[in-house]
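Enquirer: Just a sequence and a predicted model for now, questions to come.
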Amino acid sequence: MKEVLSPLDIMRNMVEKLQTFYPTHDKKAGGIIQFHLRHLNENIDCYIKSDEKELRFFEGTAINPTVTVKSTFYNWLDLAGGKLNPVLGVMTGKLKFKGDTSFFKILPRKKLGKELDIPKDPVTKFEKNPQKYWTKPEKIIVLSASPRAQNGYTDYYLSPFIKGMRKNAEVELVHLAKYKINPCTGCFSCWMKIPGECIYHSKDDFNVLAEKMFTADLTVYAFPIYADSMPGILKNYFDRSVSRAYPYMIEGMNRVRHPRRYIHENHSMVVFSICGFFEMINFEPVRAYFQALAHNRHTPVIAEIYRTTAVGLYGNPFAFKMQRSVLNALEKAGEDIVTLGKIKRRTQKLIHQKFRVTSTDIDKVNEWWKESEGSQKNDY
Ligand SMILES: Cc1cc2nc3c(=O)[nH]c(=O)nc-3n(C[C@H](O)[C@H](O)[C@H](O)COP(=O)(O)O)c2cc1C
């Protein structure tokens, strides 16, 4: 387990870090910076001793320091981190210095970012406004992530949507359940040991699938709601996709993200989800998830399709009419997505139309489950 670092550990680490820059620093000199820092009723006395070669850290009090700093530990950290102006710090009594304050110049101030050659991958016009810069996708991949693959309701609802898209584009349906994808172990080997390559690189199917997915101009992520989120196989796929980004951090749209290792210009995605319950609120967690994912993958979500009561609409004579209008609207949505890069509001409303659940409906569901208890049914 990681241990909680003490203020002395922090000071020691800070000096070790400074030492890495010290040999090339042009203000090297011999002397001592003494610290008397206060933290949670504790006195932290330590000092940095410098010569022409190195900076060394010591606990305790030195004889004849060149300069002494007296403050709280946090105020010193603010000063060291550039968040507290030294003059203001002295004026407000947050910092007290004794001796030759010009001696602080021996501490190197290295501005790291400037010298690092890291990929920029800035926000594109397409990402900001995909509809405005929409061009018909040549290739669409639908990643169907129901663990039941083609046997579930996910594919049942996907079918008219794919039919609509196929009128104007090449569409490939891929079943995630047919690929073996191990969960990420969090080892960061893909960012350190062999950049871009996971420890499972040739041991499972992630890479093959990721390469295939990379060929798509538009990706549809289709999945059922599992425990208020997505099925684990899809989350595993997204977790493993971290290997396809660089570890560096860059500015995105109002927040920080990673640059991509592989860039497919104007790539966008559609979220397509179904659930057993009746209310749209059941999609809120995945909705938030995909908003975040879209930003961090530099891939805008151009449409979201959420169908509640996915099981309840199927084969229910009292929902037959509604079911048909949902399926027709899904086909229309497929057509619109390809040509417009969006779904028209009217179509979206039909897909999302509410099934007004009554206590009789709930009773029927419960009866079904009661009857099914202990049965060998596999036609759910
Ligand atoms: C493990 C599991 C968890 C589920 N959790 C939810 C849930 O949190 N909310 C919901 O509305 N439906 C939930 N469902 C219902 C599924 O979304 C629904 O059965 C869907 O049809 C399954 O997709 P499939 O038919 O493509 O396999 C869950 C189903 C399973 C198997």
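Expert: Thanks, I have the structure now.

Enquirer: What sits closest to residue 52 if chain neighbours are left out?
Expert: Using C-beta to C-beta, 6 or more residues apart in numbering and skipping residues adjacent in sequence, the residue nearest residue 52 is residue 28, 5.4 Å away. Where you see a C-beta, it was placed from the backbone N, CA and C, and this is true even at glycine.

Enquirer: And the next helix or strand past the lowest-mean-pLDDT helix or strand in the chain?
Expert: Lowest on mean pLDDT, DSSP states H and E among the helices and strands of the chain sits helix 112-115, with a mean of 57. Next along the chain after helix 112-115, taking DSSP states H and E as the criterion, comes helix 125-128.

Enquirer: any residues touching that following helix, and which ones?
Expert: If you take C-beta atoms under 8 Å, 6 or more residues apart in numbering as the criterion, helix 125-128 is touched by 132, 133, 253, 265, 266, 268, 298, 299, 300.

Enquirer: Of those residues, which is the most crowded?
Expert: Using other C-beta atoms under 10 Å as the neighbour test, the contacts of helix 125-128 are led by residue 268, with 24 neighbours.

Enquirer: Next one: that residue, what pLDDT does it get?
Expert: Per-residue confidence at residue 268 stands at 98 (pLDDT).

Enquirer: And residue 110, by the same measure?
Expert: pLDDT, residue 110: 68.

Enquirer: Can you give the contact residues for the helix or strand hosting residue 303?
Expert: For residue 303, the host element (DSSP H and E) is strand 301-307. The contact list for strand 301-307 (C-beta under 8 Å, 6+ apart) reads 130-131, 157, 161, 218, 268-275, 280, 283, 287, 290-291, 294, 313, 326, 330, 333, 337, 341-343, 348, 351-352.

Enquirer: Show me what the helix or strand just after that strand is packed up against.
Expert: Going down the chain from strand 301-307, the next helix or strand is helix 320-340, by DSSP H and E. If contacts are counted by 3 or more C-beta pairs under 8 Å, 6 or more residues apart in numbering; DSSP states H and E, helix 320-340 sits against helix 153-166, strand 301-307, helix 345-351.

Enquirer: and residue 173, that one's in a strand?
Expert: Yes. Assigned with DSSP: H, G, I helix; E, B strand; the rest coil, residue 173 falls within a strand.

Enquirer: so which of the helices and strands packed on helix 320-340 comes closest to residue 7?
Expert: strand 301-307 (45.1 Å; C-beta to C-beta).

Enquirer: Quick check: buried residues in the closest one?
Expert: The neighbour-count check on strand 301-307 (16 or more other C-beta atoms under 10 Å) flags 301, 302, 303, 304, 305, 306, 307 as buried.

Enquirer: so what strands line up beside that strand?
Expert: Strand pairing for strand 301-307, using DSSP bridges, gives strand 268-274 (parallel).

Enquirer: Taking helix 153-166 as reference, get the angle to the strand it pairs with.
Expert: 140 degrees (axes from the mean of the first three to the mean of the last three C-alpha atoms, to 10 degrees).

Enquirer: Tell me what angle strand 268-274 forms with helix 320-340.
Expert: Using the same axes, to 10 degrees: strand 268-274 against helix 320-340 is 170 degrees.

Enquirer: Show residues contacting strand 268-274.
Expert: 126, 130, 137, 142, 153-154, 157-158, 161, 217-225, 230, 283, 286-287, 290, 294, 299-308, 310, 337, 341.

Enquirer: Whichever helix or strand comes after it - what's its average pLDDT?
Expert: Once the chain leaves strand 268-274, the next helix or strand it forms, by DSSP H and E, is helix 284-296. For helix 284-296, the mean pLDDT works out to 98.

Enquirer: how about the CA coordinates for helix 284-296, as CSV?
Expert: Extracted C-alpha coordinates of helix 284-296, given in CSV (Å, rounded to 0.1, in the frame of the first residue of the first chain):
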residue,chain,number,x,y,z
GLU,A,284,-28.4,9.2,-17.4
PRO,A,285,-25.3,7.5,-16.2
VAL,A,286,-24.3,6.3,-19.7
ARG,A,287,-25.3,9.6,-21.2
ALA,A,288,-22.8,11.4,-18.9
TYR,A,289,-20.2,8.7,-19.5
PHE,A,290,-20.3,9.1,-23.3
GLN,A,291,-20.2,12.9,-23.0
ALA,A,292,-16.9,12.5,-21.1
LEU,A,293,-15.6,9.8,-23.5
ALA,A,294,-16.4,11.9,-26.5
HIS,A,295,-14.3,14.8,-25.2
ASN,A,296,-11.4,12.6,-24.1
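
Enquirer: List the buried residues in that helix.
Expert: Within helix 284-296, the residues that qualify as buried are 286, 287, 290, 293, 294, 295, 296, counting by 16+ other C-beta under 10 Å.

Enquirer: which among the residues you listed gets closest to the ligand?
Expert: Lowest distance from the ligand to the buried residues of helix 284-296 (C-beta to the nearest ligand atom) belongs to residue 286, with 10.2 Å.
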